[in-house]
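>>> Model the structure of this input:
(one chain, ligands or ions: 1)
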Amino acid sequence: MVLVKEITAGSTIAVRGLDLQLFWQLNQLAPNSLVTIADLNINKGDGLFPYCQLPARNALKSVLTAYGKPLTINSAYRSVIAQAMLYSQKQRGLIDNLVGYPGKSDHQKGASLDIEEWPEVRTLMTSHGWRWTYGNKDAMHFDCTSDDIRDIRPDSIKAFQKLWNKANPNNQIAEDGDLGEQTLKCIYNSPSEGFSNVGYPRVLKLTTPSQQGKDVGELQLALRKAGIPLEQANQVFDQETDKAVKAFQESKGLSADGVVGQQTRTLLELN
Ligand SMILES: [Zn+2]
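Okay, the predicted model is just below:
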């Protein structure tokens, strides 16, 4: 288990497990708040979480059609968790980027894009419903100007508060959609791989200290069922479990990274 406040790497990939749970919870609260852009003609920058609001997707699509080539998107939707992770790193002096207080960033609306090829497409963007908001100060950043963009930030903070309360029945917080100090502290103290007991799977992998729980036990039994030898099904994600996951991934032609994400879960029939 690695807490959000302990992460030292810059990439928001580090909180992807928790992010996916938040995304799931947000969709229960406010369906279709965000849609994917992964199917569009884009190159995905490192750590991209390829979602935005529908009007922003449509505006991006029209730019891509006019441009006729793929665009590299470095950042689209960033959850309050990803933003909190970066903010914590800024507070600890690990990074000195322009990181705003979580909850305030435009990327958390799902209506902003950071585009690598900004010099080539700036004019196309501004004539297809995008604003070059910060000029050269943050040159790759564009905001969608559609009136149909909704401020989904309170919903997404509420979604986190709901997740926290499900995972911590003895330490409840207000589900008010407001990012006060208490909620920020709770984000910092959440496991970056996700919670083990909120109704949506966390990302299982080898961590220090080790992940434990029923979900790890189910994984171990599924590995055995798939013919991977595993001596103990002890509900602890230990070295042996890590080896077994990698052996399974290798046998299926996946990259053997020991991380139990969606693809590995599906092949193990864990869904
Ligand atoms: Zn940006």
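>>> And the pLDDT for residue 136?
Residue 136 carries a pLDDT value of 94.
>>> for the ion, what are the nearby residues on this protein?
114, 141 (CB under 5 Å from the ion). Quick note: C-beta positions are derived from backbone N, CA and C, even for glycine.
>>> ok, which stretches of the chain are helices?
Along the chain, counting by DSSP state H, helices occupy 16-29, 54-67, 80-91, 118-126, 153-167, 181-188, 214-225, 239-251, 262-267.
>>> Pull out the buried positions in the last one.
Of the residues in helix 262-267, those scored as buried under the neighbour-count criterion (16 or more other CB atoms under 10 Å) are 264-265, 267.
>>> Ok, the fifth one next?
Neighbour-count burial for helix 153-167 flags 153, 155-167 (criterion: 16+ other CB under 10 Å).
>>> by contact count, what packs against that helix?
Applying 3 or more CB pairs under 8 Å, 6 or more residues apart in numbering; DSSP states H and E, one finds that helix 153-167 contacts helix 16-29, helix 80-91, helix 181-188.
>>> Quick one: residues in contact with it.
By CB atoms under 8 Å, 6 or more residues apart in numbering, the residues outside helix 153-167 that reach it are 21-22, 25-26, 28-30, 33, 79-81, 103, 108-109, 172-179, 183, 186-187, 190, 195-199.
>>> Pull out the buried members of the residues you listed.
Buried, going by 16+ other CB under 10 Å: 21-22, 25-26, 29-30, 33, 79-81, 103, 108-109, 173, 175, 177, 179, 183, 186-187, 190, 195-196, 198, out of the contacts of helix 153-167.
>>> For my notes, please list the buried residues of helix 153-167 in JSON lines and give pLDDT and distance to residue 98 for each entry.
Listed next are the buried residues of helix 153-167 as JSON lines, based on pLDDT from 0 to 100; distance: CB to CB, whole Å:
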{"residue": "153", "pLDDT": "92", "distance to residue 98": "18"}
{"residue": "155", "pLDDT": "94", "distance to residue 98": "25"}
{"residue": "156", "pLDDT": "94", "distance to residue 98": "21"}
{"residue": "157", "pLDDT": "95", "distance to residue 98": "21"}
{"residue": "158", "pLDDT": "96", "distance to residue 98": "26"}
{"residue": "159", "pLDDT": "96", "distance to residue 98": "25"}
{"residue": "160", "pLDDT": "97", "distance to residue 98": "23"}
{"residue": "161", "pLDDT": "98", "distance to residue 98": "27"}
{"residue": "162", "pLDDT": "97", "distance to residue 98": "30"}
{"residue": "163", "pLDDT": "98", "distance to residue 98": "28"}
{"residue": "164", "pLDDT": "98", "distance to residue 98": "28"}
{"residue": "165", "pLDDT": "98", "distance to residue 98": "32"}
{"residue": "166", "pLDDT": "97", "distance to residue 98": "33"}
{"residue": "167", "pLDDT": "96", "distance to residue 98": "32"}
